[in-house]
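**Student:** pasted the sequence and its predicted model underneath.
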Amino acid sequence: MKKLMLGNEAIARGLYEAGVTVVSSYPGTPSTEITEFAAKYDDIYCEWAPNEKVACEVAFGASLRGARTACAMKHVGLNVAADPLFTLSYTGVNGGLVVIVADDPAMHSSQNEQDSRHYAIASKVPMLEPADSMEAKEFIKEAYKISEEYDTPVLFRMCTRIAHSQSTVELCDREEKEVAPYTKNAQKYIMAPANAVRRHPFVEERTKKLSTLGETSPLNRVEMGGTDIGIICAGTCYQYVKEVFGDSVSVLKLGLINPLPVDLIKNFASKVNKLYVIEELDGIIEGHLNSIGVPCIGKSMFPPIGEFNQNTIRRAFGMDVQAGVTASSEVPVRPPVMCPGCPHRGLFYAIAKHKITCLGDIGCYTLGSAAPLFALDSTLCMGASVSGIHGFNKAAADMSDKTVCVIGDSTFMHSGMTGLVNIAYNNSNSTVIILDNSITGMTGHQQNPTTGYNIKGDPAAAVNLEELCKSLGIQRVRVVDPYNIKECEDAILEELAAEAPSVIISRRPCALLKYVKHQSPVKVNPDKCVGCKACMKIGCPAISMKDGKAFVDFTQCVGCDVCTQMCHVNAFETEGR
Amino acid sequence: METKNIMIVGVGGQGSLLASKLLGTLLVSEGYDVKVSEVHGMSQRGGSVVTYVRFGDKVYSPVISEGEADFIVSFEKLEAARHAACLKKDGKIIVNLQEIDPMPVVTGAAEYPNAVVDELKSKGVFVDGIDALSLATEAGSAKAVNIVLMARVAKYFDIPYEKWIAAIEKTVKPQFVELNKKAFEIGYNY
């Protein structure tokens, strides 16, 4: 049966067909749907873990016990999971273990553009990269064979354009895998120095064997065409190359991208006049060619920045690009914004109004940095707001009474807790605001340990944030409703004035959650509105100015009433409430 | 057959993902090789969104670049102008004439370029502008803008009406099938 499938859905299908039974992940664009789709198969146990390190270690445990297992994450998630990954490389596996990592060239939804292939090289773990949905599914099954045959975790690299593109997939049956027996093997699984020194040579030997595999494996394939130009590529770049050149050039398409083959490349190079390496982000394949003495053209022609497309290649080769028509007027940008009724808006307005310095974190609330609120001063990585404000206040005490940090509920579970422990333990006068919207928002509504539900939507244990913060050593913990600007202002100013660490929980579920009941929209009374634009300061996309008066788009407004609190002349009316 | 390219552009939350799913389902059932490339995550939060649908005998790249689109289906007026450079010389723009102010316009940092559609027309671009929001509202829901626009796209294809309806039945949640069939009918006969 053939089906149009998202790359991420195809991976889930591959996990199913490979007989995988345990998947643990933390959501992150563009990887999230892998685990969401996997959770639809009853034969696979799936879960959201609090972070990628936990997810990877759950996979380790499942593998140790003998199951085929996976964890999926975005590229920066692998930074978090790097600790278990590097030593998993030494222990190897019992049941097959695949770590799926999705890169985001062009940073559609990410804070950096790191190239995960570096991790494969650094941790000495094989890495596979598919070029469409069908390959994504088939390569996953191949990854499990490699994992078990070579006793290694396998990295599986996706990127946005494969993860979020649909192409046709031929479905196969599931191969049922018995959970392998567990036998204690201290030399293999206890990575104390005495054992680890014996495992490292195994890892080096394994890499040699995997290089040999790469010489003949169908994961790497040569498509001979015209021999004037030869191109080495993988993943999306293969598609762009074929789009532009068809069979007029010869292509070495790599699927096993670490370790890279030597003879296969040398042999291919010998058959073409001019050799190019086309790869997004860093020049990793090119570096390998340099190291084995094969001359090629790569990053001198293609940038290490952003996403490519077929025209990137056409331009680089001096081919014609047909430019379309553009309008004469300037087209204003349309950046993503906080939704109408977003619970973060009122809280951010309170911060902006009092010109408070605010260290931010990763989530929808990063959008608080944009116009017109400009409420944030920094965004680094998951959890860095909480750890960062402590350092900020330790560096000099003079700003601690006008500095806060904000972090979402899911991000706090991910890696904010340890920062808060540090604040309590090392006693800084820091004010932490947890933006509890009762869901993991930005990645599209995933449950987390604070929501009371698991990935299947079944009831689960829920972390009580107030009790958690108190038990971590914070005496001052209070809850505010972010739809009430005054309440937010009072709480923030009081906690900033207090000579003690404090936590404010700004609690209101995401306005997009299905169970959230919306109020009827507000309406502007044009006779009362004086056009002062005070309501425009909160940056609500449902409000605009029409003919000098505020206007509320009733299709967007959810009746949160934050704008009504901004109005000095009571021009907002709420009919029929 | 040479690969055909359809770009669906609009504002996050307008339902362009469903439109691309509908097109993808339809084109696969017509026996084409199909690729659909979507955007998820941050770009969905009221930002500018782009979805690519490509079909033919064999499709390689999942994306559409400058000068390549046979059709740009825009859910909002200025989004059509934002992506017009991707249109082929003889390509067609189908645009919902609804205006949704982007944040720079809301905050007063920029003005909404009301004349963009006329500007494109005056440069010889084929633009089919319709008030899809009103037609969708007539069908029973402002959210059916996506289906109204797909009905308009259908006018330019040789695929029979019933096949489109079958694709709607396959892609839309059962409780919304009737509404969307009505929206399609209204858009098609407009």
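**Tutor:** In hand now; what should we look at?

**Student:** contacts for the lengthiest helix in chain A next, please.
**Tutor:** Across chain A, the longest stretch assigned as helix under DSSP state H is helix A:193-216. Helix A:193-216 has contacts (CB atoms under 8 Å, 6 or more residues apart in numbering or on different chains) with A:87, A:89-92, A:124, A:126, A:146, A:150-152, A:186-188, A:191, A:220, A:256, A:259-264. Any C-beta I mention is one placed from the backbone N, CA and C, and that applies to glycine too.

**Student:** and the end-to-end length of stretch A:411-418?
**Tutor:** Stretch A:411-418 has an end-to-end distance of 11 Å (CA to CA, to the nearest Å).

**Student:** if you could redo that for stretch B:128-143, that was the one I meant.
**Tutor:** End residues of stretch B:128-143 are separated by 20 Å (CA to CA).

**Student:** can I get the worst-scoring helix or strand of chain B on mean pLDDT in CSV, CA atoms only?
**Tutor:** Lowest by mean pLDDT, DSSP states H and E among the helices and strands of chain B is helix B:103-106, with a mean of 89. C-alpha atoms of helix B:103-106 as CSV (Å, rounded to 0.1, in the frame of the first residue of the first chain):
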residue,chain,number,x,y,z
MET,B,103,2.3,43.3,13.5
PRO,B,104,4.4,46.2,11.9
VAL,B,105,1.1,47.6,10.6
VAL,B,106,-0.7,47.0,13.9
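
**Student:** how about the helix or strand just after it: buried residues?
**Tutor:** Going down the chain from helix B:103-106, the next helix or strand is helix B:116-122, by DSSP states H and E. Under the neighbour-count criterion of 16 or more other CB atoms under 10 Å in any protein chain shown, helix B:116-122 has B:116-117, B:119-120 buried.

**Student:** residues in contact with the next helix or strand after helix B:116-122?
**Tutor:** With elements assigned by DSSP H and E, the helix or strand that comes after helix B:116-122 is strand B:126-130. With contacts defined as CB under 8 Å, 6+ apart, strand B:126-130 is touched by B:77, B:80, B:90-97, B:117, B:120-121, B:148-149, B:152, B:187, B:190.

**Student:** those residues also near chain A: which ones?
**Tutor:** Restricting these to those near chain A by CB under 8 Å from any CB of the partner chain leaves B:91, B:120.

**Student:** pull out the buried members of the contacts of strand B:126-130.
**Tutor:** Buried, going by 16+ other CB under 10 Å: B:77, B:80, B:91-97, B:117, B:120, B:148-149, B:152, B:187, out of the contacts of strand B:126-130.

**Student:** secondary structure of A:Ile492: a strand, I assume?
**Tutor:** No - counting by DSSP: H, G, I helix; E, B strand; the rest coil, A:Ile492 falls outside a strand, being helix.

**Student:** mind checking how far the closest residue to it other than its chain neighbours is from chain B?
**Tutor:** In space, and not counting its chain neighbours, A:Ile492 is closest to A:Ala350: 5.8 Å by CB to CB, 6 or more residues apart in numbering or on different chains. Distance, A:Ala350 to chain B, using CB to the nearest CB, to the nearest Å: 19 Å.

**Student:** touching whichever strand or helix holds A:Ala350 from outside, list them.
**Tutor:** Using DSSP H and E, A:Ala350 sits within helix A:344-353. For helix A:344-353, the surrounding residues in contact (CB under 8 Å, 6+ apart) are A:338, A:358, A:364-365, A:367-368, A:373-375, A:404, A:406, A:433, A:435, A:437, A:480, A:482-485, A:488-489, A:492, A:506, A:537-540, A:560, A:562, A:565-566.

**Student:** which of the residues you listed fall within helices?
**Tutor:** Among those, the members falling in helices (DSSP H) are A:485, A:488-489, A:492, A:562, A:565-566.

**Student:** okay, which residue is most central for chain B?
**Tutor:** Chain B has B:Val73 as the residue nearest its centroid, 3.3 Å off, counting by CA atoms, centre = their mean.

**Student:** need the next SSE after the helix or strand containing that one, C-terminal direction.
**Tutor:** Element membership of B:Val73, judged by DSSP H and E, is strand B:69-74. Counting by DSSP H and E, the next helix or strand C-terminal to strand B:69-74 is helix B:77-82.

**Student:** so how far is the following helix or strand past that next one from its chain's centroid?
**Tutor:** Following helix B:77-82 in sequence order, the next helix or strand is strand B:87-96 (DSSP H and E). In terms of CA atoms, centre = their mean, to the nearest Å, the centre of strand B:87-96 is found 11 Å from the chain centre.

**Student:** stretch A:238-249 now?
**Tutor:** Distance, centroid of stretch A:238-249 to centroid of chain: 30 Å (CA atoms, centre = their mean).

**Student:** is chain B within reach of stretch A:356-371?
**Tutor:** Yes - using CB under 8 Å from any CB, stretch A:356-371 reaches chain B at A:364, A:367, A:370-371.

**Student:** can you redo these as CSV with neighbour count and distance to A:Ile455?
**Tutor:** Below are the residues of stretch A:356-371 next to chain B laid out as CSV (neighbours: other CB atoms under 10 Å in any protein chain shown; distance: CB to CB, whole Å):
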residue, neighbour count, distance to A:Ile455
A:Cys364, 24, 20
A:Leu367, 27, 26
A:Ala370, 17, 31
A:Ala371, 14, 36
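
**Student:** chain B contacts on the stretch 101-250 of chain A?
**Tutor:** For the stretch 101-250 of chain A, the residues in contact with chain B (CB under 8 Å from any CB) are A:108-109, A:132, A:161-162, A:164-168, A:236, A:239-240, A:242-243.

**Student:** can you give me the helices in the stretch 101-250 of chain A?
**Tutor:** A:117-123, A:133-150, A:160-163, A:186-189, A:193-216, A:235-245 (DSSP state H, counting those that start in this stretch).

**Student:** what average pLDDT does the first one get?
**Tutor:** I take that to be helix A:117-123. Across helix A:117-123, the average pLDDT comes to 98.
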